[in-house]
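**Student:** The sequence and its predicted three-dimensional model are supplied below.
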Amino acid sequence: MCHRLLPFLLALLLAACAGNAPRSPVEAQADHAHGLYQAGQYHAAADLYQALAAQAGGERRSLYLLLAADSLLQAGEEDKGRALLQQLNPESLPPEGRERLRLLQARFALEDQDAERALALLQGLEESGEPEIARRALALRARAHALQGDALAQARDLMALDQRLRDDSRRLLVQLELLSLLVRQPPEVLRSRLPADGVGQGWVQLAGLVRSFPNDPEGVAASYREWRSLFPDHPALPQLLPRWYQEQRRLAPAELHRVAVLLPEKGPFAPAAAAIRAGILAAWQATPGERRPLLTFHDSSDPLRLWPLLNQVAQSGADMVIGPLTKQNVLQLARAGSLPLPVLALNQTQSDVAPPANLYQYALSPEEEARQAALWAAAQGLGLPGVLYPENGLGRRLLQAFQEQWQPLGRGAIRTQAYHPAEKDYSAAVASLLDIPRLKAEHERREKAAGEKLPFEPELPVDFVYAIGNHDDLLQLRPLVRFHHGSKLPVLGLSRAWKGRLTRDEALDLQGLQLPEIPWLAQPDANQAPLSSEEARRLFPESFRRYPRLIAMGMDAYRLLPQLNRLSVPGQPPMAGATGELSLDNRHLVHRRLTWIELGEPVRVLGLTPLPESLDSSRWEPAVPETEILPSGHVPGQTPSPAQR
């Protein structure tokens, strides 16, 4: 932020020197400190202000300390700036100085991720009589609303800030941020909640143009001229759209000439990386020769070598990077602040800071499968889930993901039961989930009272079972649900419950198990992947045996690269990939919409996971028993599955 308030504050300090009085050494030093700040020499300015504070007292001392703290903040010395603020007496500051103090305190609150406190400190400052105070307040308000996830309030702040700026270079940066924000919001929300004046609605219409021409700066030209005729006085700068498209190409180029792949060639992740490499090469070889980029592979086994490797491929002229693979390496990139070139990482991680704008994260996430299991069950009309999960970190994470997706849907309460994979006998866990011990005890009391044997037909406490586990786990869990009187209960699982093929015995044990699967394995004849699953089984037998889905992931990673720019714009159709229908959220995380199948002889395709917005969360009614088998291509939500109440 510029230091334009400084001359006014210094004038307050030096008011006694007004008129024709000769300039004092203190006045000259303060002017020099101000000049250092304006020149971007923040450390030197802070040192001089602190020296002046040491020689002054009262109001002057507090004001010099305030200016020193502001200089340190601009230099990135936040801790030192905070310490200086603790030394000054806010009561001794003039009103304008107190406004600046609130600005700095709000900035520190935002660094602490405390948006609520920042907004409280900033309240009213956007109406300050000092223009630069008002501008800085609006910029900080926009950051606070972004931290709260309130995109529309952030947009209103940016529009107000844009109208107060005079420098076109600063306005262009604000307008780029504003347009990027508006493009990601639903058009109907923008129309109803942004100002109804020409400025607000002009921005709504301009965002619509960009959505309609996400990668086409030439195609948008005629529509832009029409827009400008409708909004001749709109503040959008002439260079905004050209710069917008330039920035989009920088974040994810639509045309690729050189691609670098960072995968581990040694260590425990090397076999998985080999499967991904096979998929990347298959997709690359299927690319027509005139559009095929130069492809280079680099060993990323050593996490300490990640940054030198990334800089090396950037200097060699790579347009984009695929990889790295491990969470440790992806976390390094997510915390980096900036990257030298766009990266499609092959894992996803959560960072305590905002990731770089040109970092994209793509993973075959089991948490995403758990969330889609909740959507699938709700679309089938099921309301009371029973979740079996392994007592380990992954099991607890998947249970949490299922719960977080299920609870807002307004269905029944979740009944859970952990099992211990090391014990190899899950009968007690399944019986406990279905409340069989209590139901049997009640049945025995009824038999004793009746004096005769009665049929045991328990009313189970769940509508369906979601069994979290791998192939070996489900070979036990699925038959045990039947054994414990749950033969009519739908059972859902994870894709890892099968390996693409079933032996006859496995088909009997897993009969009826429903799970989300990648289209490449679920519908091999219908999928338009560069390499079919049967071809991959023949060409890469070991990788296919161990990691078939990672071969598909490699193909999609390569095919995603030129699509990332388009997918960054909301409302664009997803990419039909080997691993699902692929879309991108505003954090640049790739999401997969999976295909549901039912195991047996033969495996049956049930349909796609329903979209969350297609489900009515206002009310829920128990499912009506239904025995019809869902046909291939069925859209979930049209016919409920069986449920026992």
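**Tutor:** Right, received. Where do you want to start?
**Student:** Tell me where the model's unsure across the stretch 351-500 of the chain.
**Tutor:** Scanning the stretch 351-500 of the chain for pLDDT under 70 picks out no residues.
**Student:** Now stretch 36-54: buried residues?
**Tutor:** 36-37, 41-42, 44-50, 52-53 (16 or more other Cβ atoms under 10 Å). No exception for glycine: its C-beta is placed from N, CA and C like everyone else's.
**Student:** now swap in stretch 112-130 and tell me
**Tutor:** D114, A115, A118, L119, L121, L122, L125, E126, S128, E130.
**Student:** Point out the ones among these that are inside helices.
**Tutor:** Members of the buried residues of stretch 112-130 lying in helices (criterion: DSSP state H): A115, A118, L119, L121, L122.
**Student:** S300: which of these is nearest?
**Tutor:** A115 (36.2 Å; Cβ to Cβ).
**Student:** Now do the contacts for that closest one.
**Tutor:** A109, A144, H145, L147, Q148 (Cβ atoms under 8 Å, 6 or more residues apart in numbering).
**Student:** and with 7 Å instead?
**Tutor:** Contact partners of A115, counting by Cβ atoms under 7 Å, 6 or more residues apart in numbering, are A144, L147, Q148.
**Student:** Could I have the buried ones of those residues as ChimeraX selection syntax?
**Tutor:** Entered in ChimeraX, the line below selects the buried ones among the contacts of A115, by 16+ other Cβ under 10 Å:
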select :144,147
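**Student:** Looking at the contacts of A115, which is nearest Q407?
**Tutor:** Minimum distance to Q407 across the contacts of A115 is 21.9 Å, recorded for Q148 (Cβ to Cβ).
**Student:** So which helix or strand of the protein has the lowest pLDDT on average?
**Tutor:** Across the helices and strands of the chain, mean pLDDT, DSSP states H and E gives its lowest value to helix 6-13, namely a mean of 37.
**Student:** list the buried ones in the following helix or strand past that helix?
**Tutor:** Moving toward the C-terminus from helix 6-13, the first helix or strand encountered (DSSP states H and E) is helix 25-38. Residues of helix 25-38 classed as buried by neighbour count (16+ other Cβ under 10 Å): V26, E27, Q29, A30, A33, H34, L36, Y37.
**Student:** export the residues you listed to CSV and tack on pLDDT and distance to P610?
**Tutor:** Below are those laid out as CSV (pLDDT from 0 to 100; distance: Cβ to Cβ, whole Å):
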residue, pLDDT, distance to P610
V26, 62, 71
E27, 75, 71
Q29, 85, 69
A30, 83, 66
A33, 86, 63
H34, 86, 61
L36, 88, 61
Y37, 85, 57
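**Student:** Show me where this protein dips below the pLDDT cut-off.
**Tutor:** 1-26, 252-253, 526-527, 617-645.
**Student:** Quick check: phi and psi at the residue of it most remote from its centre.
**Tutor:** Distance from the C-alpha centroid of the chain, by Cα atoms, centre = their mean, peaks at G451 (62.3 Å). Per-residue torsions, G451: phi 70, psi 20 (degrees, to the nearest 10).
**Student:** do the same with the one 3 residues further on
**Tutor:** In this entry, L454 is assigned phi and psi values of phi -120, psi 150 (degrees, to the nearest 10).
**Student:** And for V590?
**Tutor:** Torsion angles, degrees, to the nearest 10, at V590: phi -80, psi 130.
**Student:** Just list whatever residues bridge to it.
**Tutor:** L584 (DSSP bridges).
**Student:** go on, the one 5 residues further on?
**Tutor:** According to DSSP bridges, E517, L608 are recorded as the beta-bridge partners of T595.
**Student:** isn't it right next to E581, touching?
**Tutor:** No. The pair T595 and E581 fails to qualify as a contact (Cβ atoms under 7 Å) at a distance of 8.9 Å.
**Student:** between those two, who's got more neighbours?
**Tutor:** T595 (26 against 17; other Cβ atoms under 10 Å).
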